[in-house]
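> the amino acid sequence is not available; the structure is as follows:
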């Protein structure tokens, strides 16, 4: 398979974080998630050019420990909450377990290491994309 | 290959839009993009449960016409602008051409068709995920 095969993601880096297990992981970045490092693979560091400290970015990750065959979940893993379609939740369990994390850039190193906060992804989570947050009329 | 192979995305639906060619496509939804339909595959419609009209969602697409071997681009395709790393742009050309579109839900049909706006994706673009926008402190 080549990298041009449709629908095949290639990791461009990895998350380095003090979060080592799902049990200790906040469900959202805004719920006390720590600073973390994005370690971008040397093959892709050129793609970081133009990002600066203070920028807000979306980090897209591959939630490698998620289940892909669940279409409904109890929100926040709470069995007291009624089942809900995964497209209406931020559950990691979904047909394509892509994580979407909005963070601020705190530091950028020449080597392709980028410190960000707050990031709720586990240490070792593969990174598949980075996009600037667009401060347009739609706020995205 | 099974759907559990890591890093292999499966389409969960397709965009139906009046936008038929890249030449006519606005670069961002906020730049005059039209209403469009998300046609969710019957195998995945259950995952929509809990979404309602008026919700803001992120639609993640697979930008199937993008080039994956570009690390720098001229922003907005304008050669007068200096080259910039793709992670600092919303260019469709990037190692993993995932599109991220923030839209509002206008209508939901039982069959799994969801009308949204504004969406700048081309007709026929595969959909890989839908997530609610979280109205938390981080605004995401």
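Cool, got the structure. Note that the structure is predicted; figures quoted are calculated from it, not measured.
> ramachandran angles for residue A:45?
phi -60, psi -30 (degrees, to the nearest 10).
> how about it, what does it touch?
Residue A:45 makes contacts with A:111-112, as judged by CB atoms under 8 Å, 6 or more residues apart in numbering or on different chains. (C-beta placed from N, C-alpha, C; glycine too.)
> repeat for the one 5 residues further on
By CB under 8 Å, 6+ apart, the residues touching residue A:50 are B:84-85, B:87-89.
> residue A:120 now?
Per CB under 8 Å, 6+ apart, neighbours of residue A:120: A:19, A:25-29, A:31, A:33, A:101.
> returning to that earlier point: scan the contacts of residue A:50 and report the most crowded one.
residue B:87 (30 neighbours; other CB atoms under 10 Å in any protein chain shown).
> now the strands: where do they sit in chain A?
Taking DSSP state E, the strands of chain A run over residues A:13-16, A:36-40, A:56-62, A:72-73, A:84-85, A:98-108, A:113-117, A:126-132.
> of these, give the one that comes closest to residue B:70.
Closest to residue B:70 of the strands of chain A, according to CB to CB: strand A:126-132, at 13.4 Å.
> hmm, that closest one touching chain B?
Yes - Strand A:126-132 reaches chain B (CB under 8 Å from any CB of the partner chain) through A:126, A:128-132.
> tell me how far the closest residue to residue A:14 other than its chain neighbours lies from residue A:73.
In space, and not counting its chain neighbours, residue A:14 is closest to residue A:39: 5.2 Å by CB to CB, 6 or more residues apart in numbering or on different chains. Going from residue A:39 to residue A:73 by CB to CB, to the nearest Å gives 30 Å.
> residue A:102 now?
From residue A:102 to residue A:73 the distance is 22 Å (CB to CB).
> now tabulate the strands of chain A in TSV and tack on distance to residue B:57 and mean pLDDT.
Compiled in TSV, those are given as follows (distance: least, CB to CB, whole Å; pLDDT from 0 to 100):
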stretch	distance to residue B:57	mean pLDDT
strand A:13-16	25	97
strand A:36-40	25	98
strand A:56-62	15	97
strand A:72-73	17	97
strand A:84-85	12	98
strand A:98-108	11	97
strand A:113-117	24	98
strand A:126-132	17	97
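> with distance to residue B:69 added, can I get those in JSON lines?
Listed next are the strands of chain A as JSON lines, based on distance: least, CB to CB, whole Å:
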{"stretch": "strand A:13-16", "distance to residue B:69": "17"}
{"stretch": "strand A:36-40", "distance to residue B:69": "17"}
{"stretch": "strand A:56-62", "distance to residue B:69": "19"}
{"stretch": "strand A:72-73", "distance to residue B:69": "37"}
{"stretch": "strand A:84-85", "distance to residue B:69": "36"}
{"stretch": "strand A:98-108", "distance to residue B:69": "21"}
{"stretch": "strand A:113-117", "distance to residue B:69": "22"}
{"stretch": "strand A:126-132", "distance to residue B:69": "15"}
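> which among those strands is found nearest to residue B:48?
strand A:84-85 (5.1 Å).
> against which helices or strands is that closest one packed?
strand A:72-73 (3 or more CB pairs under 8 Å, 6 or more residues apart in numbering or on different chains; DSSP states H and E).
> run a quick neighbour tally on residue A:58.
19.
> tell me what it is bridged to.
Beta-bridge partners of residue A:58, counted by DSSP bridges, are residue A:102, residue A:131.
> any idea how far residue A:122 is from residue A:24?
9 Å.
> what's the answer for residue A:75, then?
20 Å.
> those two: which is more packed in?
Set residue A:75 next to residue A:24 and count neighbours by other CB under 10 Å: residue A:75 wins out with 17 against 9.
> surely that one touches residue A:93?
No - here residue A:75 lies out of contact with residue A:93, judged by CB atoms under 8 Å, at a distance of 11.6 Å.
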